[in-house]
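Peer 1: give me a 3D structure for the following:
(one chain, ligands or ions: 1)
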Amino acid sequence: MSWSLPIVRIAGIQLRIHITFLLLIGWLAFGYYAAGGSAAAAGRVVFILLLFVCVVLHEFGHAFAAKGFGINTPDITLLPIGGVARLERMPEEPVQELIIALAGPAVNVVIALSLFLVIGPAGLMSSVSSAAMEGRNLIAQLLIINVGLVLFNLLPAFPMDGGRVLRALLATRLSYARATQIAASIGQGCAFVFGFVGLVWNPFLIFIALFVYIGASQEAALAQMKDISRRLPVSSAMVREFRSLPADATLEEAVDALLATSQHDFPVLNEHGAVAGVLTRHDLIAALRRGDPDIRVGDVMRRDIPTVSTGTRFEEAFRIMQECNCPAVPVLDSMKRLVGLLTPENVTELMMVQSAMPRRRAV
Ligand SMILES: [Zn+2]
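Peer 2: Residues are numbered from 1 along each chain as shown. This next block holds a predicted model:
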């Protein structure tokens with residue numbers, strides 16, 4: 001995710017903070033300072049930072065549960081609306097998805113219980129009504145917000161954890177695609193209710209409604225793609241007409257190819273005609289900025305790009321594409337010759353074509 005700063009790396013997971021999150025903290029601190037002076041502002045900001053520590057721990061709950069099923073989490077990003085743990089791939093079994101989804105809210109349950117043990121029922125009752133953000137009051141407010149996080153996250157709407165729990169439960173009886181469709185519809189229904197309540201009560205809910213609506217739609221599209229990709233081999237959707245570059249081509253030749261075609265990324269071939277890597281538009285532009293006339297395509301291409309074969313199932317190829325974060329994956333035939341390219345754009349096109357002809361059986 002762009003516009004985010006890497007903060008620390010914990011257990012192989014990069015924690016990132018989105019710029020808008022820092023802006024939010026600054027804006028709130030300024031607001032509190034203007035309203036109540038530096039002591040009030042400090043208390044409030046400490047509270048918000050502690051709240052986001054709880055959100056980070058929640059995301060680590062998902063990440064560690066996923067790790068238990070062999071799924072890595074490359075990064076966790078903090079946004080003003082909460083945290084996002086980016087899993088390397090989606091779990092295969094409904095029960096795995098269920099456990100990963102519940103692990104996040106379970107962390108907040110543990111935090112809330114621990115805080116409750118610290119202050120006890122009397123401390124909680126006497127502190128909730130106070131506005132001062134220090135000592136016992138701070139703990140009581142944190143306890144309440146953790147309970148709130150659990151309830152909010154368990155709403156049965158994508159992209160909240162509750163939406164995933166619902167889908168996982170439905171998927172034990174229905175197909176994955178059907179389960180997602182139902183869960184996404186419920187999510188969109190919830191979004192309309194939030195939006196309506198937001199209109200009359202709190203405008204912030206409209207913002208959440210939008211977030212839920214978009215999340216539900218994305219989830220439905222992803223599930224549809226997964227369903228299609230299970231049935232088709234890579235050869236049914238790869239790009240067959242494309243330009244490749246020799247490793248010793250100059251950057252000018254690469255620029256010519258970039259401008260003359262609609263391609264962004266070019267497979268690079270070595271002197272034997274085998275795939276040596278992929279030149280991305282991004283790397284090409286970066287190399288041009290350095291302005292070294294002796295640089296060749298082979299010096300700036302990405303070498304860590306995996307390849308797939310024509311017979312590879314789409315689902316497997318899509319997983320490989322997600323895991324390497326590659327813009328394009330070369331497709332080889334049984335003789336290891338380059339015969340195609342797989343890009344996110346043609347995956348999207350395949351989806352559009354397939355959903356336009358729902359009754360035609362795929363290969
Ligand atoms: Zn969660």
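Peer 1: whichever residue of the chain sits closest to the ion is in what secondary structure piece?
Peer 2: Of all residues in the chain, the one sitting closest to the ion is Gly104 (3.2 Å; C-beta to the ion). To be clear about C-beta, it is placed using only N, CA and C from the backbone, and glycine gets the same treatment. Taking DSSP states H and E as the criterion, Gly104 maps to helix 94-127.
Peer 1: what does Ile76 give?
Peer 2: Secondary structure (DSSP H and E) places Ile76 in strand 75-79.
Peer 1: same for that strand, what does it pack against?
Peer 2: strand 13-18, helix 19-68, strand 82-86 (3 or more C-beta pairs under 8 Å, 6 or more residues apart in numbering; DSSP states H and E).
Peer 1: can you add distance to the ion, mean neighbour count and mean pLDDT and give the ones you listed back as a markdown table?
Peer 2: Output for the helices and strands packed on strand 75-79, formatted as a markdown table (distance: least, C-beta to the ion, whole Å; neighbours: other C-beta atoms under 10 Å; pLDDT from 0 to 100):
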| stretch | distance to the ion | mean neighbour count | mean pLDDT |
| --- | --- | --- | --- |
| strand 13-18 | 15 | 19 | 87 |
| helix 19-68 | 5 | 16 | 83 |
| strand 82-86 | 7 | 19 | 80 |
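Peer 1: now these as TSV including distance to Ala122?
Peer 2: Shown next, in TSV, are the helices and strands packed on strand 75-79 (distance: least, C-beta to C-beta, whole Å):
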stretch	distance to Ala122
strand 13-18	36
helix 19-68	22
strand 82-86	32
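Peer 1: which one of those lies closest to Val197?
Peer 2: Nearest to Val197, of all the helices and strands packed on strand 75-79, is strand 82-86, at 19.4 Å by C-beta to C-beta.
Peer 1: what distance do you get for the residue nearest to Ile99 when sequence neighbours are not counted to Arg16?
Peer 2: Using C-beta to C-beta, 6 or more residues apart in numbering and skipping residues adjacent in sequence, the residue nearest Ile99 is Ala65, 5.5 Å away. Separation of Ala65 from Arg16 (C-beta to C-beta, to the nearest Å) stands at 20 Å.
Peer 1: how about Met321?
Peer 2: 22 Å.
Peer 1: do Leu258 as well
Peer 2: 30 Å.
Peer 1: hang on, the earlier thing: residues contacting the residue nearest to Ile99?
Peer 2: 99-100, 102-103 (C-beta atoms under 8 Å, 6 or more residues apart in numbering).
Peer 1: go with 7 Å
Peer 2: By C-beta atoms under 7 Å, 6 or more residues apart in numbering, the residues touching Ala65 are 99-100, 103.
Peer 1: most neighbours out of these, which is it?
Peer 2: With neighbours taken as other C-beta atoms under 10 Å, the top of the contacts of Ala65 is Ile100, carrying 27 neighbours.
Peer 1: how close does the nearest residue to it once chain neighbours are set aside sit to Val95?
Peer 2: Nearest residue to Ile100, sequence neighbours excluded (C-beta to C-beta, 6+ apart): Ala65, at 4.5 Å. Separation of Ala65 from Val95 (C-beta to C-beta): 12 Å.
Peer 1: check Ala103 too.
Peer 2: 13 Å.
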